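3D, please:
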Amino acid sequence: FIRLLICKYILIIMPLENGNGKGRSELAALATTLEDPALDFASRYDAVRTYLDSLAKPPGSLGTLEDFAARIAALQRSATPNVDASACLVFAADHGVAREGSEGGMNCSAYPPAVSRKVLEGLDRGVAGANVLAKCNGVALRAVDVGLADGPAECEWSGDVVRSSGRKVKGGTENFCRGRAMTEEEAAGCVSSGRHETGKFVDETGAKIVLFGEVGIGNTTTSSALVAALTAADAESLCGIGASTTRDGIDESGAVARKASIVKEAMEFHGASGLRDEPLRALTAVGGAEIAAIVGGMLEASERDLPVLVDGFIVTAAAMVACRMEPSVARVLLFATRSTERGQAAALGEIRDVARRAGLPVPARPALDMDLRMGEGTGCLLAMPMARSACAILAELATLNEVLGLGGVSG
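Residues are numbered from 1 along each chain as shown. Presented below is the predicted three-dimensional model:
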């Protein structure tokens, strides 16, 4: 509270006392505050929120957009931030738990694992959903195979849109109801690969914001298991329909109950209580290669002070793991879309708890609520105009003092 009062005095009262309430003096004062090397992230964020409250609108009336603006400005230390250059990375992998029972899996999805490779083939040819949305929103797109089962030679990746990781989990993860999903070396390798691919793509594109997406049949089950392991939430409260075969996502085959039973079986096998405070161990036990890569990408983005647009449930689960590994990651997270999967709420709750314990601003609610469940980063691609709008609102919207000081319009 005291910090907010100080920020309000610096940004609003001082300019008026000095006779500088006209023009853009309040924005200039904010710029000076953000450039102060002594201010930590939370103080910079509060300063921006205080300035936003002074604009010609009811305080907080732009909702999540104001959280976006404050985070981006605080990270860039700029009163006129921009996210014009943006990069989306989609990581892809297969999951042992999605294989047929005859192949040692649990048959957790309505779709066979081979669909994951077909989606990536579409991405490589520029015809998948993420390609279309990235193009129309001006976002550079790259997809990385970190654990798909091998396909025919003629379907190897071009290296243009899609490429293979040098630390790929061969054949995807194992069935986590029968053993660990990955070895410790594989999990660490995927995290490292995510860091490397993110840093490289950001350097190539000059991106000011990073978006993450995923491809992997069965990864809603995997994400539910991760959330269960790290939050101790009941499996029934976490599992949803996932990649449904019906337009409305109706559970016509008992898929949700089946997924919940798989997650419960995995928790019993691995001993969930032993995973609660061990995020990397949980990732190794019940995670996915693409989820581990996204964790690494978020760690890299956080170290670079780059805002991250977070897609739906799977990417939110990765964000939860990243925050548990390094709480400062919570600073950079901009949640793009509310998932139809129940487990996202539990993952978001865990992230908010991490932020509170670290003394960081608690992330706002997801910006979009459109029943999205496609994956590929489509939700965060759709939210890119909102991130750009947040920057424009901060830099260009007049303050209430400026509006009250406007003269009449001459005829």
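
Can you mark which positions in stretch 356-364 are buried?
Neighbour counts over stretch 356-364 (16 or more other Cβ atoms under 10 Å) mark 358, 360-361, 363-364 as buried. C-beta here means a position set from N, CA and C on the backbone, and glycine is covered the same way.

so V146 sits in a helix?
No. V146: not assigned to a helix; according to DSSP: H, G, I helix; E, B strand; the rest coil it is strand.

surely it meets E290?
Yes. Applying Cβ atoms under 8 Å, one finds V146 in contact with E290, separated by 5.7 Å.

what stretches of the chain score poorly on pLDDT?
By pLDDT under 70, the weakly predicted segments of the chain are 1-23, 152-155, 241-253, 408-411.

quick one, strands of it?
Listed in chain order, the strands of the chain (DSSP state E) span residues 86-93, 140-147, 162-164, 209-215, 308-310, 333-335.

Identify the contacts common to V146 and E290.
91-93, 190 (Cβ atoms under 8 Å, 6 or more residues apart in numbering).

ok, V146 and E290, which is more surrounded?
The neighbour comparison of V146 against E290 (other Cβ atoms under 10 Å) goes to E290, with 36 against 30.

Next up, the contacts around the more buried one.
By Cβ under 8 Å, 6+ apart, E290 lies in contact with 91-93, 146-147, 190, 214-216, 219, 314.

Tally up the residues packed near V354, please.
Using other Cβ under 10 Å, V354 has 22 other residues around it.

Just give the nearest non-adjacent residue to it, would you?
Nearest non-adjacent residue to V354, counting by Cβ to Cβ, 6 or more residues apart in numbering: C323, 4.4 Å away.

Quick check, that neighbour in contact with R331.
No. C323 is beyond contact range of R331, at 9.7 Å (criterion: Cβ under 8 Å).

quick one: which of the two has more around it?
Shown here are C323 and R331; by other Cβ under 10 Å, C323 has more neighbours (30 against 24).

Show me what counts as buried in stretch 218-235.
Buried residues in stretch 218-235, counted by 16+ other Cβ under 10 Å: 218-231, 233, 235.

In helices, which of those fall?
219-231 (DSSP state H).

ok, which pair from those residues is furthest apart?
Farthest pair in these (Cβ to Cβ) is N219 and T231. Separation: 17.7 Å.

centre of the chain versus stretch 44-56, how much separation?
Computed by Cα atoms, centre = their mean, to the nearest Å, the chain-centroid distance of stretch 44-56 equals 24 Å.

ok, now stretch 148-164?
Centroid separation for stretch 148-164 versus its chain: 25 Å, with Cα atoms, centre = their mean.

for stretch 171-179, same thing?
Stretch 171-179 sits 25 Å away from the centroid of its parent chain (Cα atoms, centre = their mean).

Once you drop chain neighbours, what's closest to D305?
Distance criterion Cβ to Cβ, 6+ apart; nearest residue to D305, sequence neighbours excluded, is L75 at 4.7 Å.

tally of neighbours for that neighbour?
24.

How about the contacts made by it?
Listed by Cβ under 8 Å, 6+ apart, the contact partners of L75 are 41, 81, 305-307, 331-332.

What subset of those is buried?
Buried among these (16+ other Cβ under 10 Å): 41, 81, 306-307, 331-332.

List the ones among the residues you listed that fall in helices.
Among the buried ones among the contacts of L75, DSSP H puts F41 in helices.

Would you convert the buried ones among the contacts of L75 into a markdown table that also reports distance to S102?
Formatted as a markdown table, the buried ones among the contacts of L75 follow (distance: Cβ to Cβ, whole Å):
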| residue | distance to S102 |
| --- | --- |
| F41 | 52 |
| P81 | 53 |
| L306 | 44 |
| P307 | 45 |
| R331 | 46 |
| V332 | 43 |
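
nearest to D371, of the buried ones among the contacts of L75?
Out of these, the member with the shortest distance to D371 (by Cβ to Cβ) is P307, at 25.1 Å.

Tell me how far L62 lies from S43.
Separation of L62 from S43 (Cβ to Cβ, to the nearest Å): 22 Å.

is the residue nearest the centre of the chain in a bridge, and if so with what?
For the chain, the residue nearest the mean C-alpha position is V310 (1.9 Å; Cα atoms, centre = their mean). As for beta bridges, V310 partners with F212, F335 under DSSP bridges.

any idea how far S224 is from it?
Taking Cβ to Cβ, one finds V310 at 17 Å from S224.

One more: T399?
To S224, T399 is 46 Å away according to Cβ to Cβ.

returning to what we had before: and the residue nearest to the centre of the chain, what is it in contact with?
V310 sits next to 212, 316, 319, 333-336, 380 when contact means Cβ under 8 Å, 6+ apart.

Having no further points to raise, I will conclude here.
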